[in-house]
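Asker: Take this sequence and fold it.
(one chain, ligands or ions: 1)
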Amino acid sequence: MSRTRTSSGAGELLVELRRDAGVPLHQQLEKAIRDRIRQGLMRADTVMPSTRALAADLGLSRGVVVEAYQQLVAEGYLVSRGGGYTQVADVAVAEASATARTTAVSLRIDFKYSKPDVSQFPRAAWMRSLRKVLNEMPHLSLAYLDGRGALELRHALADYLNRVRGTAARPENMLICNGFAQGSRLLLQVLAKQGYRRLAVEDPSDNELREVAVAAGLEVVGVPVLETGIDVDALEQSGADLVLVTAAHQFPTGAVASPETRAALVAWAARRDALVIEDDYDAEYRYDREPIGAMQGLSPDRVAYAGTASKTLAPGLRLGWLILPPRLVEAMSEAKLMDDRGSPVLEQLAFADFVARGEFDRHLRRMRPQYRLIRDTLVDRMAVRLPELVPVGVSAGLHVMTWLPPGLSESAVTAAALERGLGVYGLAPYWMDGKGRSGLVFGYGSLTVKAVVEGIDLLAAAVSGVSE
Ligand SMILES: Cc1ncc(COP(=O)(O)O)c(C=O)c1O
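Answerer: Numbering: from 1, shown residues only. Predicted coordinates:
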């Protein structure tokens with residue numbers, strides 16, 4: 001009869017041994033450990049269980065485990081350390097992952113969009129909030145949540161957004177989600193179920209959302225973006241009953257929707273019984289223009305507002321929020337619970353405390369001049385080294401865009417840049433048909449002034465190579 005014994009548990013090791021296999025047990029044990037190390041599944045410096053503990057777990061005599069460990073030490077897979085413990089040695093892992101590592105292009109400088117400077121995350125202040133919350137929250141806060149999220153955070157964000165973004169938020173109409181990604185997906189799913197059919201998106205715009213909308217059962221149509229925001233006349237013609245706009249700082253062109261565009265959008269929604277989804281993803285970083293409030297404040301019944309901590313704090317937090325027209329709150333709350341039973345509560349409560357104590361404002365005040373300096377450097381250097389590329393949409397956010405002059409193709413420029421270890425990215429993915437006017441998008445949120453200068457110099461060399 002075949003018998004397998006398994007060792008697992010805290011600080012231990014799962015190994016299946018076949019006592020009827022005709023292979024000595026120490027060899028089986030050696031092979032199991034060796035294979036795992038070679039495949040990169042046990043990393044260098046992992047502390048091995050003691051021979052005594054492993055022997056007891058596997059029902060072996062200690063001598064069998066000692067023999068296996070000694071063999072693996074001799075082969076260089078394990079290292080015996082003073083103090084009587086054994087660790088996994090630093091050995092090359094199996095072919096597949098080694099190749100994957102070496103083929104990844106290593107970029108000297110990367111203008112990839114959507115990275116804030118996460119090294120500036122306010123760790124100390126966040127820690128204070130987390131500690132306070134852990135000390136003070138009632139036990140019940142750790143129970144399952146209301147589908148809208150922690151009330152404390154909805155309160156803190158409503159106060160903040162009404163003050164800073166001119167919204168008309170009330171905690172009961174807010175919903176905390178895992179970033180815009182989840183908030184927008186749930187919203188589109190709920191709206192499709194409620195009978196909405198056609199979503200208009202700005203063209204160009206974020207391409208991922210279109211796939212989400214189609215998966216939710218919506219038809220997606222593109223509407224041109226003008227310098228004053230989405231073309232509302234074209235929207236009128238599109239037959240859409242939903243529109244998604246990045247009114248404060250259009251992604252990717254950086255256009256700011258004018259007061260006329262905003263008013264026309266709200267009037268369109270009222271006339272058509274339609275809904276506007278406002279993605280307010282980076283409005284907090286505004287440098288040299290008048291503040292423009294969120295559209296939600298103009299028409300709380302017709303605008304669903306989405307915000308995120310991904311640009312202001314860190315995308316890894318996965319913290320986002322929606323301000324919903326009252327009629328959508330219940331369905332969205334149910335959808336959120338169905339999706340994941342709620343966002344992690346400790347982060348929500350820590351963020352609530354962080355916002356309520358003014359740390360969020362402080363962080364933004366500290367970051368704005370830093371990003372502005374990098375933006376200024378980028379724009380100034382471009383004017384000197386690449387005067388044919390004129391940045392647009394520079395007044396806010398963490399990216400700028402330039403159109404490309406005729407004769408310069410996105411693919412040629414990005415490929416020539418890549419050869420120089422520079423990551424720059426074309427506009428093509430953002431156009432509905434992939435074929436709109438050529439341009440480049442530069443994310444600068446995670447770059448230093450020095451890197452931006454070097455990056456633009458590398459780009460100038462790449463462009464001159466392509467133009468020759
Ligand atoms: C247009 C736009 N909206 C929203 C977001 C934020 O998404 P999330 O909150 O899921 O990180 C991004 C991130 O890059 C974005 O580009």
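Asker: got the contact list for the closest residue in space to residue 453 that isn't next to it in sequence?
Answerer: Excluding the flanking residues, the one nearest residue 453 by CB to CB, 6 or more residues apart in numbering is residue 381, at 5.4 Å. In short, each C-beta sits where N, CA and C put it, glycine included. Contact analysis of residue 381 by CB atoms under 8 Å, 6 or more residues apart in numbering lists 452-453, 456-457.
Asker: host element of residue 381?
Answerer: Element membership of residue 381 [criterion: DSSP states H and E] is helix 359-385.
Asker: I'd guess residue 277 is in a strand, am I close?
Answerer: Yes - under DSSP: H, G, I helix; E, B strand; the rest coil, residue 277 sits within a strand.
Asker: Distance check, it against residue 286.
Answerer: To residue 286, residue 277 is 21 Å away according to CB to CB, to the nearest Å.
Asker: Over to residue 444?
Answerer: 15 Å.
Asker: Now for the residue lying closest to residue 374 once chain neighbours are set aside: which residues touch it?
Answerer: Sequence neighbours aside, residue 444 is the residue nearest to residue 374 in space, at 5.1 Å (criterion: CB to CB, 6+ apart). Residue 444 makes contact with 111, 371, 374-375, 378, 398-400, 452 under the criterion CB under 8 Å, 6+ apart.
Asker: how about the residues you listed in CSV, adding neighbour count?
Answerer: Putting the contacts of residue 444 into CSV (neighbours: other CB atoms under 10 Å) gives the following:
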residue, neighbour count
111, 26
371, 21
374, 20
375, 25
378, 23
398, 25
399, 27
400, 26
452, 24
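Asker: Quick check: the residue of the stretch 1-150 of the chain nearest the ligand.
Answerer: Using CB to the nearest ligand atom, residue 114 is the residue of the stretch 1-150 of the chain that sits closest to the ligand, at 3.6 Å.
Asker: Hmm, that residue is touching residue 314, no?
Answerer: No - counting by CB atoms under 8 Å, residue 114 sits too far from residue 314 to count as a contact (11.8 Å).
Asker: Near the ligand, which residues of the stretch 301-450 of the chain are found?
Answerer: 308, 310, 315, 320 (CB under 6 Å from any ligand atom).
Asker: just checking, the last one touches residue 309?
Answerer: Yes - using CB under 8 Å as the test, residue 320 is close enough to residue 309 to be in contact (7.0 Å).
Asker: So for the two, which residues contact both of them?
Answerer: Common neighbours of residue 320 and residue 309 (CB under 8 Å, 6+ apart) are residue 179.
Asker: With the ligand as the reference, measure out to residue 363.
Answerer: According to CB to the nearest ligand atom, to the nearest Å, residue 363 and the ligand sit 17 Å apart.
Asker: if you count what's nearby, which of residue 277 and residue 286 comes out ahead?
Answerer: The neighbour comparison of residue 277 against residue 286 (other CB atoms under 10 Å) goes to residue 277, with 22 against 19.
Asker: Please name the bridge partners of that one.
Answerer: Beta-bridge partners recorded for residue 277 (DSSP bridges): residue 244, residue 304.
Asker: shouldn't it be in contact with residue 241?
Answerer: No - here residue 277 does not reach residue 241: they are 11.7 Å apart, not a contact under CB under 8 Å.
Asker: Whichever residue of the stretch 151-300 of the chain sits closest to the ligand: neighbour count?
Answerer: Among all residues of the stretch 151-300 of the chain, residue 179 sits closest to the ligand, at 2.9 Å; criterion: CB to the nearest ligand atom. Neighbour count of residue 179, defined by other CB under 10 Å: 22.
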